[in-house]
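In: Turn this into a model:
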Amino acid sequence: WFLARDKSNGIARDRKLRDRRGEILFIDARKLGHMVDRTRREFSDEDIEKIAGTYHRWREGEGYEDIPGFCKSASIEEVRAHGHVLTPGRYVGIEAAEEDDTPFPERFAALQAELEEQFAEADRLAGVIRERLAGVLAR
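Out: Residues are numbered from 1 along each chain as shown. Prediction:
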């Protein structure tokens, strides 16, 4: 969380800041970095630059744009409409999915064939497990 007391016009590092009152920048960085252990995520220099650059562009009002799945500048009214829940994913949404040019009937048939193969493999593995369990009981 980064909090600013004064979001009105100002100057930081010789850069003029825009008036950000009534706005909140949400950044969802869950897909950046890598897990160091079960509870700690570590960001690369590029990840930090992406996050910091997004924040600075938003703060200065130069070149910022909402990126689905990563960042969103939400109004206080939007936050109020969500019951003041401040979970970034609620605002940034999801990234745009890649278009699949395969016609639905073809895609469905391929998925169905793959599922049938997986069912057959599950049946084979169930048989192997039954044989081994029978061998254990016979001892």
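
In: buried ones in the lengthiest helix in the chain?
Out: Counting by DSSP state H, the longest helix found in the chain is helix 104-138. Using 16 or more other C-beta atoms under 10 Å as the test for burial, helix 104-138 gives no buried residues. Heads up, the C-betas are built off the backbone N, CA and C, glycines and all.

In: got it, and stretch 77-92?
Out: Neighbour counts over stretch 77-92 (16+ other C-beta under 10 Å) mark Val79, Pro88, Arg90, Tyr91, Val92 as buried.

In: how long is that stretch end to end?
Out: Distance between the two ends of stretch 77-92: 15 Å, counting by C-alpha to C-alpha, to the nearest Å.

In: Tell me how far that stretch lies from the chain's centre.
Out: Computed by C-alpha atoms, centre = their mean, to the nearest Å, the chain-centroid distance of stretch 77-92 equals 16 Å.

In: Good, wrapping up.
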